[in-house]
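[1] Starting from these lines, generate the structure:
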Amino acid sequence: MWSDHRLVRSTLQLSIKPLRRLKREAPPRKFNVSSLKSETTQQQLEAHMNEAVGDFSSKDATNAEEAWQDFKLRVLDASECTLGFVRRKHQDWFDDNDPEIQTMLDHMHRQHIAWINDKNSMSKKSTYQRTKQLVQVRLRSMKDS
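    The predicted structure is shown next:
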């Protein structure tokens with residue numbers, strides 16, 4: 001009996017490429033609008049805006065998109081020049097100048113430096129680890145209270 005099915009044998013080498021990680025855009029910077037509470041800042045912003053946008057109407061733009069981009073850049077530049085950007089500062093739950101916390105951290109730091117300078121000393125390592133545990137426990141209890 002005859003058949004048109006033929007057995008085919010092959011060797012394949014498959015490789016799976018790793019996924020690419022997408023680079024995220026940096027979040028847009030925020031203007032320091034809290035400075036607008038001051039009258040002088042408001043007047044400066046108004047003057048910069050008038051200066052930047054004042055001659056805009058005389059410009060003949062053929063494309064609405066180009067005109068919008070030009071207007072947007074002028075306004076953003078005037079705002080950046082006057083207001084500046086918000087500087088973010090992480091808020092700590094404790095005061096860096098608290099003497100009790102500072103002495104504990106200094107003591108722990110000294111223990112760490114002593115252990116780093118003599119890495120083979122197990123006693124200095126255990127002293128540092130014990131000090132670190134005690135400081136963490138004390139700081140957590142201070143935070144909770």
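
[2] Burial check on Tyr128, number of neighbours?
    20 (other Cβ atoms under 10 Å). Quick note: C-beta positions are derived from backbone N, CA and C, even for glycine.

[3] One more: Arg21?
    6.

[4] hang on, it is in a helix, isn't it?
    No. Assignment of Arg21 by DSSP: H, G, I helix; E, B strand; the rest coil gives coil, placing it outside any helix.

[5] Quick one: residues in contact with the top helix by length along the chain.
    If you go by DSSP state H, the chain has its longest helix at helix 122-144. With contacts defined as Cβ atoms under 8 Å, 6 or more residues apart in numbering, helix 122-144 is touched by 93-94, 101, 104-105, 107-108, 111-112, 114-115, 118-119.

[6] so Arg29 makes contact with Phe85?
    Yes. Because the distance of 4.7 Å satisfies Cβ atoms under 8 Å, Arg29 is recorded as touching Phe85.

[7] List the contacts of Arg29.
    Counting by Cβ under 8 Å, 6+ apart, Arg29 has contacts Phe85, Val86.

[8] any idea how far it lies from Arg130?
    45 Å (Cβ to Cβ, to the nearest Å).
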